[in-house]
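Colleague: predicted structure and sequence below. I'll ask about it afterward.
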Amino acid sequence: MNWKVLAAGLVITAPLVAILAAGFGRDPKLRSNALEGTQAPMFDLQTLDGKAFSLEGARGQPTVVNFWSTWCQPCKIEHPVLMQAARAYGPLGVNFVAVLYQDETSKARAYLKQSGSHWPTLEDPGGRTAIAYGVAGVPETFFIDADGTIVRKVSGPVSQEVMVSTLEQML
């Protein structure tokens, strides 16, 4: 065997393997929260029912924006937490809105018909809104105060404790 070829292969391969391995084991909840403390990117989208929704129209009230998909198992785990929070905090003036992430509207309609929803679910053609928010995967939840500032971002399913403590802080 030609040792020079083997050595050259190792010189090229070893750094690539090291770079790839560095990403394994990272907690997705440690993704960047760089948008916290900044103005939320505004968006105008359509609900699954074809109605217009503008985040600008929610100004003046705290708003929870949740990016989700029907194929996302953690999203399904998180759904009851969102339902309970919407029932409890919606009457207190908190807006809840969901943005469908890389999914089919027909699947979302079927899921919501079965599981329920207390908020509008929006289509995001081309994923422009997800890109503006830096969404890397779902679920991701953004808590926006009445002034339009992102006060918290949660990557992964939001817990009941985090939901309640963040909403109480925003009210």
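Modeller: Right, received. Where do you want to start?
Colleague: give me the element Val154 is part of.
Modeller: strand 150-155 (DSSP states H and E).
Colleague: residue closest to the middle of the protein?
Modeller: Glu140 (2.2 Å; Cα atoms, centre = their mean).
Colleague: I'd say that residue and Ile150 touch.
Modeller: No - taking contacts as Cβ atoms under 8 Å, Glu140 lies outside contact range of Ile150: 11.4 Å. Backbone N, C-alpha and C define where each C-beta goes, glycine included.
Colleague: in this structure, which spans are strands?
Modeller: 44-46, 52-54, 63-68, 95-100, 121-122, 140-144, 150-155 (DSSP state E).
Colleague: gap between the last one and the chain center?
Modeller: It stands for strand 150-155. 9 Å (Cα atoms, centre = their mean, to the nearest Å).
Colleague: show me what it is packed against.
Modeller: strand 140-144, helix 160-170 (3 or more Cβ pairs under 8 Å, 6 or more residues apart in numbering; DSSP states H and E).
Colleague: and with 10 Å instead?
Modeller: Packed against strand 150-155 by the contact rule (3 or more Cβ pairs under 10 Å, 6 or more residues apart in numbering; DSSP states H and E) you find strand 63-68, strand 140-144, helix 160-170.
Colleague: can you list those in CSV and add mean pLDDT and distance to Ser115?
Modeller: Below are those laid out as CSV (pLDDT from 0 to 100; distance: least, Cβ to Cβ, whole Å):
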stretch, mean pLDDT, distance to Ser115
strand 63-68, 98, 11
strand 140-144, 98, 17
helix 160-170, 96, 17
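Colleague: dump these into a markdown table; add distance to Ile77 as well.
Modeller: Output for those, formatted as a markdown table (distance: least, Cβ to Cβ, whole Å):
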| stretch | distance to Ile77 |
| --- | --- |
| strand 63-68 | 11 |
| strand 140-144 | 13 |
| helix 160-170 | 11 |
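Colleague: and the strands of the chain as JSON lines, adding distance to Arg109?
Modeller: Output for the strands of the chain, formatted as JSON lines (distance: least, Cβ to Cβ, whole Å):
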{"stretch": "strand 44-46", "distance to Arg109": "13"}
{"stretch": "strand 52-54", "distance to Arg109": "16"}
{"stretch": "strand 63-68", "distance to Arg109": "14"}
{"stretch": "strand 95-100", "distance to Arg109": "10"}
{"stretch": "strand 121-122", "distance to Arg109": "8"}
{"stretch": "strand 140-144", "distance to Arg109": "21"}
{"stretch": "strand 150-155", "distance to Arg109": "25"}
